[in-house]
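Peer 1: I need the structure of the sequence given here:
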Amino acid sequence: MSTHDELNGYGRHYLQNDSYGSAAFFFYKSIQEHAENNNAWNGLVLSITLMRREGDARSMLARFSLQPGLDYDRDMLTFAMMLWQQNPLALAQWLEAVAQMKDILPQDKQSLTELAADLHKGYQDFVNQYGEDSEQVKAMPSLREIASQATELDWLYGQPIDQVYEVIKPWLEDDDLVMTGVRMLCMLPDPRSEKLLRRIARSEEAESKVKTQALIALRWLGIRGNAKINKFSESFTINLDDPQRELTISVPQAFKPALDRMKLWLAKEQDIITIEEYEEYASDDSLQLTEAMGEKLNASDFPSIWQEVVHALIRAAYDKYYPLVPTVTGYRDWSAAFLMLLQDYASGTGQAWNYGNPEQIETAVQHKNWLLSGSPDFYQAISGA
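Peer 2: Numbers count the residues shown, from 1 in each chain. Just a heads-up that it's a prediction; the model follows:
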């Protein structure tokens, strides 16, 4: 077995076990050994994306498209469409590049070429509207510019590992840099990484959110078994194999039904669903959205940034209080809390709010305050937006 095949095997093993940091390490090393390595490119982009490191994922995806000798990989198209929704120039150039790859079917090549042409036209229309020197256009770098951007993995493996640790250790004592250090350590499968991350999780001085991220980093590093975390003058033991409270970088699944109720309210206010349909779901936590209702929600119209705002508020509070996070029941109340915050966000950022006044439920106000406690600068941030 070749070295890069062995590295791919390690990468897939860690990826299948949700150890995305170590997986990224081995896939990256495999590409350094042999760049014409489709399996490693696919695994690397997937691993980085699952860690929500979109900037680095874009750089690796761009390098993939520009690497000679690779086969066309339809899976990578999904990543490109997701990561470059706001950059038609880069997406068009990426499609043109992969359309020249080996083993691409003629019909796929034609489809990609036609889509690229449409995107180029859309981009040119955008330039004509705002001007080539506008901030909106400058925010859309080309494919080669994105490929040339340094990633965290480039920095980690561009110098001796002992030197990397010497740089990272002081970061862990710096409030402004500690999160960067935690992010780096999860991609360094070395006993020193585990030791440092465990120390952060037990630290009395580290910020509460950082401690939660240290536990996530341990999982991404591939560490299982028990880990201790000190919060609120107590010590908690977390089973990294199967945490009782979800330990994830994404919005915990427990909040999804409440987020669905929030979307139901917004759809109701746009007359996409009836009041009766809204009440049916809002009044019953046990009901799951039907496929037909899901399609109606997808047809509702509200700024995509609003969902990101709610997700960020949930995530911040969850990280602060983990593992002492609430059991999410009473989805209508949680939905009302999200809507109150969205209304405040829209007002604070000068956006129109045409979705009625959220229900003023006492429990919802308590949920709102819990969410705000994780982001105490929320109102200050939106007032300056």
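Peer 1: What's the local residue count around Ala346?
Peer 2: Using other Cβ atoms under 10 Å, Ala346 has 19 neighbouring residues. Where C-beta positions appear, they are placed from N, C-alpha and C, glycine not excepted.
Peer 1: Report the contact partners of it.
Peer 2: Residues near Ala346 by Cβ atoms under 8 Å, 6 or more residues apart in numbering: Trp306, Ala352, Trp353.
Peer 1: What's the local residue count around the first one?
Peer 2: Residue crowding around Trp306 was assessed by other Cβ under 10 Å; the count is 19.
Peer 1: Roughly how far does it sit from Leu297?
Peer 2: Applying Cβ to Cβ, to the nearest Å, the value for Trp306 to Leu297 is 14 Å.
Peer 1: Pick the one among the contacts of Ala346 closest to Ile229.
Peer 2: Nearest to Ile229, judged by Cβ to Cβ, of the contacts of Ala346 is Trp306 at 31.9 Å.
Peer 1: Contacts only, for the closest one.
Peer 2: Here Trp306 is in contact with Leu342, Tyr345, Ala346 (Cβ under 8 Å, 6+ apart).
Peer 1: tell me the phi and psi of it?
Peer 2: With angles defined as degrees, to the nearest 10, Trp306 sits at phi -60, psi -40.
Peer 1: Going forward, count from 368.
Peer 2: OK, 368 is where the count begins now, so the last one is Trp673.
Peer 1: Could you check the pLDDT of it?
Peer 2: What the model reports for Trp673 is a pLDDT of 92.
Peer 1: ok, and what's touching the longest helix belonging to the chain?
Peer 2: Secondary structure of the chain per DSSP state H: the longest helix is helix 473-497. For helix 473-497, the external contacting residues (Cβ under 8 Å, 6+ apart) are 439, 441, 444, 455-456, 458-460, 462-463, 465-466, 471, 503-504, 507.
Peer 1: returning to what we had before: closest one of the contacts of Ala713 to Pro610?
Peer 2: Trp673 (29.2 Å).
Peer 1: Next one: that closest one from Ala634, what distance?
Peer 2: On the measure of Cβ to Cβ, Trp673 and Ala634 end up 13 Å apart.
Peer 1: Not counting sequence-adjacent ones, nearest residue to Ile605?
Peer 2: Closest residue in space to Ile605, ignoring its immediate chain neighbours: Ala594 at 5.2 Å, by Cβ to Cβ, 6 or more residues apart in numbering.
Peer 1: Tell me if the one you found really is in a strand.
Peer 2: Yes - looking at Ala594 with DSSP: H, G, I helix; E, B strand; the rest coil, it is inside a strand.
Peer 1: doesn't Leu607 make contact with it?
Peer 2: Yes - counting by Cβ atoms under 8 Å, Ala594 does reach Leu607; the two are 5.5 Å apart.
Peer 1: tell me, what's touching the two both at once?
Peer 2: Common contacts of Ala594 and Leu607 (Cβ under 8 Å, 6+ apart): Leu582, Leu585.
Peer 1: and the two? which has more neighbours close in?
Peer 2: Per other Cβ under 10 Å, whichever of Ala594 and Leu607 has more neighbours is Ala594, with 22 against 17.
Peer 1: Let me see the contact set for the more buried one.
Peer 2: With contact taken as Cβ under 8 Å, 6+ apart, Ala594 is in contact with Arg565, Ala568, Leu582, Leu585, Thr604, Ile605, Leu607.
Peer 1: Let me see the confidence value for it.
Peer 2: On the pLDDT scale, Ala594 gets 97.
Peer 1: Could you do the one 5 residues further on as well?
Peer 2: If you check Phe599, the pLDDT there is 91.
Peer 1: Just give the nearest non-adjacent residue to it, would you?
Peer 2: What sits nearest to Phe599 in space, not counting adjacent residues and going by Cβ to Cβ, 6+ apart, is Leu691, at 7.0 Å.
Peer 1: Name the SS class of the one you found, please.
Peer 2: Relying on three-state DSSP, one would call Leu691 coil.
Peer 1: okay, now it: neighbour count?
Peer 2: Around Leu691 there are 11 residues (other Cβ under 10 Å).
Peer 1: same check, this time on Glu481
Peer 2: Neighbour count of Glu481, defined by other Cβ under 10 Å: 12.
Peer 1: export stretch 492-499 as PDB, just CAs?
Peer 2: Below are the C-alpha coordinates for stretch 492-499, written out as PDB (Å, rounded to 0.1, in the frame of the first residue of the first chain):
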ATOM      1  CA  ASP A 492     -24.600  42.500 -14.700                       C
ATOM      2  CA  PHE A 493     -23.700  42.900 -11.100                       C
ATOM      3  CA  VAL A 494     -20.500  44.800 -12.000                       C
ATOM      4  CA  ASN A 495     -22.400  47.000 -14.400                       C
ATOM      5  CA  GLN A 496     -24.900  47.900 -11.700                       C
ATOM      6  CA  TYR A 497     -22.400  48.600  -8.800                       C
ATOM      7  CA  GLY A 498     -19.200  49.400 -10.600                       C
ATOM      8  CA  GLU A 499     -15.900  47.400 -10.700                       C
END
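Peer 1: Show me what counts as buried in that stretch.
Peer 2: Phe493, Val494 (16 or more other Cβ atoms under 10 Å).
Peer 1: out of the contacts of helix 473-497, who's nearest Asp651?
Peer 2: Nearest member of the contacts of helix 473-497 to Asp651, counting by Cβ to Cβ, is Leu444, at 39.3 Å.
Peer 1: Below-threshold pLDDT in the stretch 618-752 of the chain: ranges please.
Peer 2: Along the stretch 618-752 of the chain, segments meeting pLDDT under 70 span 751-752.
Peer 1: No further queries at this time; thank you.
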